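J.: return a 3D structure for these sequence lines:
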Amino acid sequence: MKKPAIFSRRGFTLIELLIVIALLGALAIGLLATIDPFEQLKKGKDTSTRNTVSEFYDALIRYYSSKNDFPWIQTSANEPSANAMALNNTTALGWISSLEAAGELKQGFANLAGTGNLAGIYVFQPATDKVAVCFAPQSRSFQIDPNSIYDNKGNTSGLDCKGSPNADTVATGCYYCVQ
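T.: Numbering: from 1, shown residues only. So this is what the prediction gives:
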């Protein structure tokens, strides 16, 4: 018995293949737009910087707990009280050395964190026993984070730092702070 003609054809027609390829392409473009790889890179950098900020802040608090002073007082170096000071500053690198010598930070902390990262981290001492460590986030998810409402001195900035989760930019001058 002979099979009907509809079952005898093998494979797909060119039109069917083109339709499937077009649908897969549309799905891939939609997925790529959802993932936003550049945003993911910014988020990764912000996460790394946040971890560095937290580690440095915790080291300052432990140092203060044991010495009852911050490292800038022990070294007679400029205090970060008038202006927020970036951690890549020569004076701030001296504080990092003091924290390393006291065992509060790992040896080579500045090299591990990278001078580029340290340049964007600011330390400020608003009171005798308080300190704020801040950075300006690059990713939207960090810019709308509740901790991103400060200026680089840890004061509430008064800006609309939250913005919209879908906005391309958020107000400049908004920092993520640990204090």
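J.: tell me the mean pLDDT for stretch 24-42?
T.: For stretch 24-42, the mean pLDDT works out to 86.
J.: any idea how far the helix or strand containing Leu18 is from the middle of the chain?
T.: Under the criterion DSSP states H and E, the helix or strand holding Leu18 is helix 14-35. Offset of helix 14-35 from its chain centre (C-alpha atoms, centre = their mean, to the nearest Å): 33 Å.
J.: same for the helix or strand that it is followed by, what does it pack against?
T.: As assigned by DSSP H and E, the chain's next helix or strand after helix 14-35 is helix 37-67. For helix 37-67, the helices and strands in contact under the criterion 3 or more C-beta pairs under 8 Å, 6 or more residues apart in numbering; DSSP states H and E are helix 71-74, helix 90-101, helix 109-113, helix 115-119, strand 121-127, strand 130-135, helix 140-143, strand 176-178. (Each C-beta comes from the backbone N, C-alpha and C, glycine too.)
J.: identify the residues contacting the residue most central in space within the chain.
T.: With distances taken as C-alpha atoms, centre = their mean, Asp46 lies nearest the centre of the chain, 1.1 Å away. By C-beta atoms under 8 Å, 6 or more residues apart in numbering, the residues touching Asp46 are 135, 137-139, 141-142, 176.
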